[in-house]
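Engineer: Quick one, what's the 3D model for this:
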Amino acid sequence: MPATPMPSGGKDYSGLHARHYFLGAPFDGLAQDAAIDLVETSEVQTRFRYVVTPNVDHVVRLSGDRLLAQCYDDAWISLCDSRPISTLAHAVSLNLPLVTGSDLTARLFKSVIKDGDLITLIAADTAIVGQLEVAYPNIRFRAHVPPKGVINNPVALQACVDFIAAEPARFIFIAIGSPQSEKIAHALAQRPDASGIGLCIGASLEFLIGTKKRAPLWMRHAGLEWVHRLGSDPKRLWRRYVFAVPPLAHLFLRELLSRMQRHA
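Structural biologist: The predicted structure follows:
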């Protein structure tokens, strides 16, 4: 199936991979190996570009926020981090491979990031930074931990942008949740002095160091990782999962109607 035409201001990715718009959000039809290859072979000193990993929560949020949607539209790579979205896409004959931010991060640290590399972190707390330094003693980390509630603090958001731009690094992991991570990455992409590859990867660093535990492999393969995550942190996640279902169903119905009209 051909890629859905990109909205005004979008970029042409035809030379690299097909970008599709599904449920109103951009997704690149890249499997994990292809995404890793693109990231690994990107020139170190290239102008800043960034990777986003939209899931159900992201898609529902950006459907009602055009300014936030632009942060995803302008991403260099947008990967499907949701089994339900990947499954719904398959139902309309659209191939959106599941590539979670956690898997992407683990692969980068295992096979791409080398001893001596400089990595910039925007992290949720200092404990995460300290544990990464212990786990990877031969990697150079420079880190910034913004205050809580940074999404509502323009000065703190700008401080994150300035910290990243101040010293070039090959990879920048922006791991303070959505939508603040994507807004920081988008602001950096507008600056000619910023370089490297930014990765908006949510809680992936916490899974990497073991602070949070991922679901067993059989649950991941069965598409049940969300059940494990809900059971691990029900107080924080139950509202997100429950209240995302009706708007997701609405977006899918709208997607079906749109496709029927185009085919007609």
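
Engineer: Does K212 touch A203 like I think?
Structural biologist: Yes. Counting by Cβ atoms under 8 Å, a contact exists between K212 and A203, whose distance comes to 6.0 Å. Using the backbone N, CA and C atoms, a C-beta is placed for each residue, glycine as well.

Engineer: more neighbours, these two?
Structural biologist: A203 (19 against 15; other Cβ atoms under 10 Å).

Engineer: show me what contacts the more buried one?
Structural biologist: Under the criterion of Cβ atoms under 8 Å, 6 or more residues apart in numbering, the contact partners of A203 comprise 102, 175, 177, 212.

Engineer: Could you look up the SS state of R107?
Structural biologist: When the structure is split into helix, strand and coil by DSSP: H, G, I helix; E, B strand; the rest coil, R107 lands in helix.

Engineer: hang on, isn't it packed against A34?
Structural biologist: No. The criterion here is Cβ under 8 Å, and R107 misses it with A34 at 11.8 Å.

Engineer: which residues in the stretch 101-250 of the chain form helices?
Structural biologist: According to DSSP state H, counting those that start in this stretch, the stretch 101-250 of the chain carries its helices in the segments 101-107, 126-135, 154-166, 180-189, 204-209, 217-221, 225-232, 234-263.

Engineer: for the ones you listed, which one sits closest to V56?
Structural biologist: With Cβ to Cβ as the measure, helix 234-263 is the member of the helices of the stretch 101-250 of the chain nearest V56 (5.0 Å).

Engineer: what about stretch 120-138, start to end distance?
Structural biologist: Start to finish, the residues bounding stretch 120-138 are 14 Å apart (Cα to Cα, to the nearest Å).

Engineer: ditto for stretch 127-142
Structural biologist: One end of stretch 127-142 sits 14 Å from the other (Cα to Cα).

Engineer: do stretch 171-180 as well
Structural biologist: Counting by Cα to Cα, you get 18 Å between the two ends of stretch 171-180.

Engineer: Now A25. Nearest residue, chain neighbours left out?
Structural biologist: Taking Cβ to Cβ, 6 or more residues apart in numbering as the measure, A25 lies nearest to V59, with 4.6 Å between them; neighbours along the chain are not counted.

Engineer: tell me which residues of the helix or strand hosting the one you found are tucked away?
Structural biologist: Applying DSSP states H and E as the criterion places V59 in helix 56-62. By neighbour count on 16 or more other Cβ atoms under 10 Å, the buried set for helix 56-62 is 56-62.

Engineer: go on, stretch 93-108?
Structural biologist: By neighbour count with 16+ other Cβ under 10 Å, stretch 93-108 contains the buried residues 94, 96-105, 107-108.

Engineer: Let me see the contact set for H58.
Structural biologist: Shown in contact with H58 (Cβ under 8 Å, 6+ apart): 25, 52, 72, 178-179.

Engineer: R170: which of the buried residues of stretch 93-108 is nearest?
Structural biologist: Top of the list for closeness to R170, among the buried residues of stretch 93-108 and by Cβ to Cβ, is L108 at 10.2 Å.

Engineer: Poorly predicted segments of the stretch 101-250 of the chain, please.
Structural biologist: 213-243 (pLDDT under 70).

Engineer: Kindly tell me how buried F22 is, as a neighbour count.
Structural biologist: When neighbours are defined as other Cβ under 10 Å, F22 has 22 of them.

Engineer: Not counting its neighbours along the chain, what's nearest it?
Structural biologist: The shortest distance from F22 to any residue other than its chain neighbours is 5.5 Å, reached at A89 (Cβ to Cβ, 6+ apart).

Engineer: So which residues of the stretch 1-150 of the chain form strands?
Structural biologist: Counting by DSSP state E, counting those that start in this stretch, residue ranges of the strands within the stretch 1-150 of the chain are 19-22, 25-28, 49-52, 77-78, 118-122, 140-144.
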